[in-house]
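Asks: Coordinates for the following, if possible.
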Amino acid sequence: MYFSVIIPIFNRPDELRELLESLTKQTYTHFEVLVIEDGSVSKADGVVADFADRLNVRYYSKPNSGQGFTRNYGFERATGDYFIIFDSDALIPPHYFSVVNERLQAVQTQPGRPSLDAYGGPDAAHPDFTPIQKAISYSMTSPFTTGGIRGSKKNLGGTFHPRSFNMGLSRQVWEKTGGYRLSRMGEDIEFAIRIIESGFTTGLIPEAFIYHKRRTSFGQFFRQLRFFGRARINISRYYPAELKLVHTFPALFTLFLASIPVWALISPVLFGLAVGVLVLFSLLIFIDGTRQQKSNQVGALSVLAAFVQLTGYGIGFLSEGWKRLREPREFRETGASIDYPS
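Replies: Residues are numbered from 1 along each chain as shown. Sure thing, here's the model as predicted:
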């Protein structure tokens, strides 16, 4: 199978260099790479040129339109049978394309059609990541946070919803769906829903993991998760039924955390119980994070990362949810979207 790798990039030439370097080490090499510069100031054309003799790579530059529409720009110019999307802050293990090709060729439902019309893969922490990056990676994949949903074999509702940091789709999916309809604020969630509603098969390929660097500081991580929380509410404007109880957990956790000082004034007993719950929660994360990464330092940082993740998502969810409630009734009833500044 011939793959087209689509990489949107915005002001991250150094990250792109690492990603392209990892692509030169693939054991399966039947793929092309399309790098699409989305209105960047720090251009990556020089980085791409450095790999021209080692990769089948093409570079495009366009005005800024957001990563969803930038991926569509890549789809329109791709020549492969199957499209694969990576975020620019990813490193790809050498086995990745071999695993994906083998899985897509297996148990085909129709001759010439891949076994999965669209797939997603997990993310993991590279051994060379910093302790903070490893802690952030843990919080985004841990069963003790909402990260356990990402890369899970059992997804909410029983059908796997791929995410665009590590996702593949057939050319037929692109031609039928037209790609992304949103460019920001939950564009990958909306796209996955529409792929499934169009009758295509989706699934997780557990062995097709990538090393996802994500953010390098907790401040950056908080801002990213706050945006994710807002995005979940934005998706409910189009698909109200996709807003499930589990999506409210970070918001409830955030409200619980904010209420603890009040409980200290009302009831010492309730205050003690609340603190005990937080201590137990932190201890579980510390033990699990330490076990996974074999590092007490990463285990301790994982506790902080989990609190940053949950409160960041929760604050974004609550703030955008409040805007949603204040929208005119015709918007709330039709699921139409109102754009707000990021």
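Asks: Would you mark the buried spots in stretch 306-324?
Replies: 306-321, 324 (16 or more other Cβ atoms under 10 Å). Bear in mind the C-beta positions are built from the backbone N, C-alpha and C, glycine included.
Asks: same thing with stretch 290-302?
Replies: Buried positions in stretch 290-302, judged by neighbour count with 16+ other Cβ under 10 Å: 290, 292-293, 295, 298-302.
Asks: Would you point out the most distant pair within those?
Replies: Taking Cβ to Cβ, the two most distant members of these are Q292 and A300; they sit 13.3 Å apart.
Asks: that older thread, restricted to helices, list the buried residues of stretch 306-324.
Replies: Secondary structure from DSSP state H places 306-321, 324 of those in helices.
Asks: A135 - nearest residue in space that isn't next to it in sequence?
Replies: Residue nearest to A135 in three dimensions, not counting chain neighbours: L301, with 3.6 Å by Cβ to Cβ, 6 or more residues apart in numbering.
Asks: In a helix, that neighbour, correct?
Replies: Yes. Assignment of L301 by DSSP: H, G, I helix; E, B strand; the rest coil places it within a helix.
Asks: so what's it up against?
Replies: When the contact criterion is Cβ atoms under 8 Å, 6 or more residues apart in numbering, the partners of L301 are 131-132, 134-135, 289.
Asks: want to try CSV for these, with secondary structure, pLDDT and neighbour count as columns?
Replies: As requested, the contacts of L301 are arranged in CSV below (DSSP: H, G, I helix; E, B strand; the rest coil; pLDDT from 0 to 100; neighbours: other Cβ atoms under 10 Å):
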residue, secondary structure, pLDDT, neighbour count
P131, helix, 93, 16
I132, helix, 93, 21
K134, helix, 91, 25
A135, helix, 93, 29
G289, helix, 93, 26
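Asks: so which of those would you say is closest to F144?
Replies: Checking the contacts of L301 against F144 with Cβ to Cβ, the nearest one is G289 at 9.1 Å.
Asks: Look up how far S236 lies from the closest one.
Replies: G289 sits at a distance of 31 Å from S236 (criterion: Cβ to Cβ, to the nearest Å).
Asks: same question, Y82
Replies: 31 Å.
Asks: Mind checking which of the two has more residues around it?
Replies: Regarding Y82 and S236, a neighbour count based on other Cβ atoms under 10 Å identifies Y82 as having more, with 25 against 20.
Asks: element containing D288, please.
Replies: Per DSSP states H and E, D288 falls inside helix 268-293.
Asks: rewinding a little: so which of the buried residues of stretch 290-302 sits lowest on pLDDT?
Replies: The lowest pLDDT within the buried residues of stretch 290-302 belongs to Q293, with 86.
Asks: Give me the nearest residue to that one, chain neighbours excluded.
Replies: Excluding its sequence neighbours, the residue lying closest to Q293 (Cβ to Cβ, 6+ apart) is K134, at 5.4 Å.
Asks: now the stretch 1-150 of the chain, which segments are flagged as low pLDDT?
Replies: Low-confidence regions of the stretch 1-150 of the chain, defined here as pLDDT under 70, cover residues 107-112, 147-150.
Asks: now the nearest residue in space to Q309 that is not next to it in sequence: how far from R237?
Replies: Closest residue to Q309 in three dimensions, ignoring its sequence neighbours and counting by Cβ to Cβ, 6+ apart: S139, at 4.6 Å. With distances taken as Cβ to Cβ, S139 is found 27 Å from R237.
Asks: Also E187?
Replies: Distance from E187 to R237, counting by Cβ to Cβ: 13 Å.
Asks: Need the contact partners of stretch 262-276.
Replies: Contact with stretch 262-276 is made by 256, 259-260, as judged by Cβ under 8 Å, 6+ apart.
Asks: My guess is T159 contacts I196. True?
Replies: Yes. The pair formed by T159 and I196 meets the contact definition of Cβ atoms under 8 Å, at 5.6 Å.
Asks: Overlap of the contact sets of the two?
Replies: Common neighbours of T159 and I196 (Cβ under 8 Å, 6+ apart) are T202.
Asks: quick one on the thing from earlier: max pairwise distance over the contacts of L301: which two?
Replies: Greatest spatial distance in the contacts of L301: I132 and G289, 12.2 Å, computed using Cβ to Cβ.
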